[in-house]
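Peer 1: Mind folding the following:
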Amino acid sequence: MAAADEVPGTSARAGRPWLRRALRAVIAVVLGVLLALGWYQVSVQPGAAMLQTLFDSGPGVTPPLDIEDARANVEDPRTVPIPTPDAPDASAVVYAPRAEGPHPVVVWVHGGGFVSGSPATVEDFSVLLASRGYTVVSLDYTLAPEARYPVPVRQGNAALDVVQERIADFGGDPARVVLGGDSAGAQIASQLAAVQTNPGLAADLDLTPGVPRDRLRAVVLYCGAYDLDTLGATGFPGLRTFLWAYTGHRDWADAPFADQLSTTKQATADYPPTYLTVGDADPFESQGRELAAALQGQGVPTETLFWDDGEGLPHEYQFHFDRPQAARSFGATLDFLEDRTG
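Peer 2: Next comes the predicted model:
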């Protein structure tokens, strides 16, 4: 009987290896998740890498149907090195009209949460601007967390210096310069404009402005972040990771240089005339309105395109030309540029 009793017991143990393997797999997954979560608590790398992959998986611009006609009016893009003091060297891609110049210059800073993007992300937009008679200098700055603040600001300032020295070689007019950017690039561009016009900020960053104040004619800002004091309340997805990667501070709002990044605080009465737009379903809508109010309070000529009729326009709406509102924003941008540089 004892031998007979042992047979079913041995058989049951032999029949459970799959259960043990499944249990080990579940434990491995749980430990992996806990390890990843623990790593995320002490390092921005996993979150930044995930968001970079997400950004890079989609197109930056949905161009209008006539994009090839626009491309035919633009020279082949050329890459220009940007030597940058006290920071890694950068580069820029120049899109020049085929028509004879000199043309006003638009220095554009791409978005991507500081961790993603490149001039290629906004190439179709750059082509559209160039086809309308603007020499576009699309900055290729070093992304976070490989490089942190203020590296992109230094690279942008160096780009303005290169524009003054070399843009005539590309048919551009160094006396008519516009700064522009979208999303994270709008934050960088807005701060760059403050560096050029606020001596205190320039001194804090130990920068000599790259372009004379009278040559910086205007600023164009799409859906950016401009006030770190109120930025957290926007609820923008991934915001903690973006700002942690860029500032190097997990609690980015408490970074010792946080006020430098708030253009609402750094803009003076000398800030260039500004065009601002943001979608009504964009978490950064309040940021655009705050900056507009701050600039108007300083007496800075400010034009805005905000949406109050429940359009449901998301972040970066202005690049999606399958929406009529994007065409309207682009038209308003061109009108503004003509007024300020024509």
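
Peer 1: For stretch 266-276, give the mean pLDDT please.
Peer 2: Mean pLDDT, stretch 266-276: 98.

Peer 1: Can you mark which positions in it are buried?
Peer 2: 266-267, 270-276 (16 or more other Cβ atoms under 10 Å). To be clear about C-beta, it is placed using only N, CA and C from the backbone, and glycine gets the same treatment.

Peer 1: quick check, nearest of these to residue 290?
Peer 2: residue 276 (10.2 Å; Cβ to Cβ).

Peer 1: all helices of the stretch 151-300 of the chain, in order?
Peer 2: Counting by DSSP state H, counting those that start in this stretch, the stretch 151-300 of the chain has these helices, from start to end: 151-166, 184-197, 199-204, 228-231, 239-247, 263-266, 285-297.

Peer 1: if we look at the last one, which residues are touching it?
Peer 2: Applying Cβ atoms under 8 Å, 6 or more residues apart in numbering, the external contacts of helix 285-297 come out as 190, 221, 223-227, 230-231, 233-234, 263-265, 267, 271, 274, 276-279, 302, 304, 306.

Peer 1: now the strands: where do they sit in this structure?
Peer 2: 78-82, 90-95, 103-109, 135-140, 172-182, 216-222, 274-277, 302-305 (DSSP state E).

Peer 1: which helices and strands sit right next to the last one?
Peer 2: Which is strand 302-305. Counting contacts by 3 or more Cβ pairs under 8 Å, 6 or more residues apart in numbering; DSSP states H and E, strand 302-305 packs against strand 274-277, helix 285-297, helix 324-341.

Peer 1: Highest mean neighbour count across those, which stretch is it?
Peer 2: strand 274-277 (a mean of 25; mean count of other Cβ atoms under 10 Å).

Peer 1: That strand pairs with which strands, and in what direction?
Peer 2: strand 216-222 (parallel), strand 302-305 (parallel) (DSSP bridges).

Peer 1: Just the residues contacting that strand, thanks.
Peer 2: So strand 274-277 is contacted by 193, 218-223, 288, 291-292, 295, 300-306, 318, 329, 332-333, 336 (Cβ under 8 Å, 6+ apart).

Peer 1: returning to that earlier point: mind checking which of the strands of the chain is nearest residue 240?
Peer 2: strand 172-182 (20.8 Å).

Peer 1: which residue is nearest the middle of the protein?
Peer 2: Closest residue to the average C-alpha location of the chain: residue 111 at 2.0 Å, with Cα atoms, centre = their mean.

Peer 1: Find the nearest non-adjacent residue to that residue, please.
Peer 2: Nearest non-adjacent residue to residue 111, counting by Cβ to Cβ, 6 or more residues apart in numbering: residue 183, 2.9 Å away.

Peer 1: Over to residue 121?
Peer 2: Of all residues not flanking residue 121 in the chain, residue 60 sits nearest, at 3.5 Å (Cβ to Cβ, 6+ apart).

Peer 1: could I get the helices of the stretch 151-300 of the chain as TSV with distance to residue 99?
Peer 2: Output for the helices of the stretch 151-300 of the chain, formatted as TSV (distance: least, Cβ to Cβ, whole Å):
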stretch	distance to residue 99
helix 151-166	19
helix 184-197	26
helix 199-204	35
helix 228-231	41
helix 239-247	38
helix 263-266	34
helix 285-297	33
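
Peer 1: can you pull up the bridge partners for residue 305?
Peer 2: residue 277.

Peer 1: who's in contact with it?
Peer 2: By Cβ under 8 Å, 6+ apart, the neighbours of residue 305 are 275-277, 328-329, 332.

Peer 1: which one among the residues you listed gets closest to residue 122?
Peer 2: residue 329 (14.1 Å).

Peer 1: Report the separation between the closest one and residue 283.
Peer 2: 18 Å (Cβ to Cβ, to the nearest Å).

Peer 1: Residue 302 now?
Peer 2: From residue 302 over to residue 283 (counting by Cβ to Cβ), the distance is 21 Å.

Peer 1: again, but for residue 234
Peer 2: 4 Å.

Peer 1: One more: residue 253?
Peer 2: Distance from residue 253 to residue 283, by Cβ to Cβ: 16 Å.

Peer 1: the more surrounded of these two?
Peer 2: residue 283 (19 against 15; other Cβ atoms under 10 Å).
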